[in-house]
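K.L.:
Take this sequence and fold it.
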Amino acid sequence: MSSRIAFLKGHGTENDFVIVPDPDNAVDLSPAAVAALCDRRAGIGGDGVLHVVRSAAHPEARAMAARAEWFMDYRNSDGSVAEMCGNGVRVFARYLQRAGHATAGDLAIATRGGVKTVHLAKDGDITVGMGKARLPEQEVTVRVGERSWPARNVDMGNPHAVAFVEDLAHAGDLLTPPAYSPASAYPDGVNVEFVVDRGPRHVAMRVHERGSGETRSCGTGACAVAVAAARRDGADPAVTGTPVTYTVDVPGGRLVITERPDGEIEMTGPAVIVAEGELDRAWLDEAVR
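P.N.:
Just a heads-up that it's a prediction; the model follows:
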């Protein structure tokens, strides 16, 4: 076995990832190993790890192999497993394009949140079909310090609580997860978005991502925010038959979210590969002891 492991570093609107190409699923990425890789001082640093595996080689993805050759085995920076990561899918697709596994056009990628359709431009932004949002009716409240807000419960394949606030600073430092109630709404934790208006169908957000803390961007969160904003504003494409598009500013850039009349949501934004290299396996082995 090689003493070194290939890696790349990439980001989508500054939501950054360590990319580990591993077509045959031969690299053991334990939670401790993921946390070591994502450590911004002692490791490479990232909001998560994109483990690139052929679907046929991964037990969680074999059933999707006929529809999508590649599986995004995504992990949060604390080593926990996540269902989906919208920014991560774009960066994952950019890696496949760079590595020669995909060309410009449409591409299917398997995730724990299902198979996602990606449109790869030769250069420029990438559009991801994010699936449909579910809007559980349960009322939710989120709290930061002495402040609390009603929040919209939105499921994008992973759970979100979207709170509209007067000032993004009211979210605090987001070093710890915002409190929410009732606990039964999110038994496995939740991503919490704080949102302000910037103009007609234009909002800005901050997010605390479950398992990662505050990040510079969250793709599924931007989709959840756009859907929540549309319903707040009285817009429902399923009723009107007209697509609705929101511009969502995140600390790391800008995403454009469109909800179609059939309920499908598309997210468009950048994806950049910034570096590649090799990990020293001895370092990784030592880091997880």
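K.L.:
list the buried ones in the helix or strand of the chain with the lowest mean pLDDT?
P.N.:
Counting by mean pLDDT, DSSP states H and E, the weakest-scoring helix or strand in the chain turns out to be helix 281-287, with a mean of 89. Burial within helix 281-287, assessed by neighbour count using 16 or more other CB atoms under 10 Å, is assigned to Leu284, Ala287. C-beta here means a position set from N, CA and C on the backbone, and glycine is covered the same way.
K.L.:
residue boundaries of the helices in the stretch 101-250 of the chain?
P.N.:
219-232, 237-240 (DSSP state H, counting those that start in this stretch).
K.L.:
Make JSON lines out of those helices and add distance to Ile273, mean pLDDT and mean neighbour count.
P.N.:
Listed next are these as JSON lines, based on distance: least, CB to CB, whole Å; pLDDT from 0 to 100; neighbours: other CB atoms under 10 Å:
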{"stretch": "helix 219-232", "distance to Ile273": "17", "mean pLDDT": "97", "mean neighbour count": "26"}
{"stretch": "helix 237-240", "distance to Ile273": "34", "mean pLDDT": "97", "mean neighbour count": "13"}
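K.L.:
show me the contacts for Gly129.
P.N.:
When contacts are counted by CB atoms under 8 Å, 6 or more residues apart in numbering, Gly129 touches Lys116, Thr117, Val118, Glu264, Ile265, Glu266.
K.L.:
Low-confidence ranges, the stretch 151-289 of the chain, go.
P.N.:
The model of the stretch 151-289 of the chain has no residue with pLDDT under 70.
K.L.:
Just want the most central residue of this protein.
P.N.:
Centroid-nearest residue in the chain, with CA atoms, centre = their mean: Cys85, separated by 2.3 Å.
K.L.:
Contacts only, for Ile5.
P.N.:
Counted by CB under 8 Å, 6+ apart, Ile5 has contacts Val20, Val27, Glu278, Leu279, Arg281, Leu284.
K.L.:
swap in Gly46?
P.N.:
Lys9, Asp16, Phe17, Val18, Leu37, Cys38, Arg40, Ser77.
K.L.:
So it versus Gly124, what's the distance?
P.N.:
Note on Gly46: its distance to Gly124, by CB to CB, to the nearest Å, is 23 Å.
K.L.:
what does Pro150 give?
P.N.:
38 Å.
K.L.:
Now stretch 73-86: buried residues?
P.N.:
Result for stretch 73-86 [16+ other CB under 10 Å]: buried residues Asp73, Tyr74, Arg75, Asn76, Ser77, Gly79, Ser80, Ala82, Glu83, Met84, Cys85, Gly86.
K.L.:
Just to be sure, Gly88 is in a helix?
P.N.:
Yes: under DSSP: H, G, I helix; E, B strand; the rest coil, Gly88 sits within a helix.
K.L.:
That one and Tyr74 touch, don't they?
P.N.:
Yes: shown here, Gly88 and Tyr74 form a contact pair, counting by CB atoms under 8 Å, at 5.4 Å.
K.L.:
For stretch 270-289, C-alpha coordinates in CSV please.
P.N.:
Extracted C-alpha coordinates of stretch 270-289, given in CSV (Å, rounded to 0.1, in the frame of the first residue of the first chain):
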residue,chain,number,x,y,z
PRO,A,270,-19.1,28.6,-8.6
ALA,A,271,-16.8,25.7,-7.8
VAL,A,272,-13.0,26.1,-7.7
ILE,A,273,-10.1,23.6,-7.2
VAL,A,274,-7.3,25.5,-5.6
ALA,A,275,-4.6,22.9,-4.8
GLU,A,276,-3.6,19.3,-5.0
GLY,A,277,-1.0,17.2,-3.3
GLU,A,278,-0.3,14.1,-1.3
LEU,A,279,-1.0,13.2,2.3
ASP,A,280,1.7,11.4,4.4
ARG,A,281,-0.1,8.3,5.6
ALA,A,282,2.3,8.1,8.6
TRP,A,283,1.1,11.6,9.6
LEU,A,284,-2.5,10.6,9.3
ASP,A,285,-2.0,7.4,11.2
GLU,A,286,-0.3,9.4,14.0
ALA,A,287,-3.1,12.0,14.0
VAL,A,288,-5.8,9.5,14.6
ARG,A,289,-4.1,7.7,17.5
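K.L.:
Nothing else from me, thank you.
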